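Colleague: Provided below for reference: sequence and predicted model.
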Amino acid sequence: MSPPSSPGPPRRKRFGQHFLHDPTVLERTMEALAPQAGDHLVEIGPGRGALTRLLLEHHDTTLDAIEIDRDLARLLRPLFGDSPRCQLHEADILDFDLASLARRRGGGLRILGNLPYNISTPLLFNLLGQAAALVDLHVMLQREVVERIAAQPGGKDYGRLTVMLAPLVSVEWLFDVGPGAFQPPPRVWSAVARLTFRALPLFEVSPHYAAVVRAAFMQRRKTLRNALGKLLTREQISACGVDPGARPETLAPLDFNTLAQTLDRAGS
């Protein structure tokens, strides 16, 4: 295995940077990813290039790395050379058009990276909105975020992120990563998860699904009849076979979709 990169430019706190350097974690991440010939890989936040170097060893794949930090991008650029097979993009992933990249590459994208903790949730929602361009995600996140995306109904970690992901992806919690694997060490544990986009959604997602889920979990201690009061009446909730007095964390994703379909029929 190639050694991790040199120290390089200083960390920028506003980007939530914690640079992965543990060889064992890098190796386990690559084993989980298992790149295949013809894969189109996208690394989010390559940082100082520890994982990037390993990805570049796979000459039968393409690699696009997206780095927002201009100093880190300058450090990484010599690794990429001038081959169109591997490209470094100095850009904000939240503004990056992955659908256009997938069209240029000629196939679905496999996303990987150590996602910045300060944008992990909005970034997951952003990726969800570009699901048609994606095959899977192998991402390192704060462990509590992985607990949320892998949660089952009824638990304290089950929430809006869980429900929004459920129709489109299957989630595997792969392994935990301690603070010492990073420089500087974060104050929390991390975890690596695999999110695989389904060939077909679990169910046909209502156009009102996101609005219903958002309203339900905006104040999760409220009952459904109170949380959804501006969208659905108590009678409409009951007609869906759902208890208006239930709390949102007890509902399966399909239940939220059934509620949303009521708004579809009403033309709301």
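Modeller: The structure has been received and is ready for your questions. Residues are numbered from 1 along each chain as shown.

Colleague: Distance check, the closest residue in space to Val135 that isn't next to it in sequence against Gly45.
Modeller: Leaving aside its sequence neighbours, Val135 sits nearest to Gly108 (Cβ to Cβ, 6 or more residues apart in numbering; 4.1 Å). C-betas here are computed from N, CA, C, even on glycine. From Gly108 over to Gly45 the distance is 20 Å, taken as Cβ to Cβ, to the nearest Å.

Colleague: do Met140 as well
Modeller: From Met140 to Gly45 the distance is 10 Å (Cβ to Cβ).

Colleague: Next: Ala65.
Modeller: 9 Å.

Colleague: which residues in the stretch 101-250 of the chain form strands?
Modeller: Along the stretch 101-250 of the chain, counting by DSSP state E, counting those that start in this stretch, strands occupy 109-114, 134-142, 169-177, 182-183, 190-197.

Colleague: Kindly calculate the angle that the first one makes with strand 134-142.
Modeller: Inter-element angle recorded for strand 109-114 and strand 134-142: 10 degrees (by axes from the mean of the first three to the mean of the last three Cα atoms, to 10 degrees).

Colleague: Between Met140 and Gly45, which has more neighbouring residues?
Modeller: Met140 (28 against 24; other Cβ atoms under 10 Å).

Colleague: check contacts around that one.
Modeller: With contact taken as Cβ atoms under 8 Å, 6 or more residues apart in numbering, Met140 is in contact with 20, 29, 113-115, 177, 190-192.

Colleague: The same query, at a cut-off of 6 Å, please.
Modeller: 114, 190, 192 (Cβ atoms under 6 Å, 6 or more residues apart in numbering).

Colleague: Out of the residues you listed, the closest to Ala227 would be?
Modeller: Among the contacts of Met140, Ser190 lies closest to Ala227 (Cβ to Cβ), at 31.7 Å.
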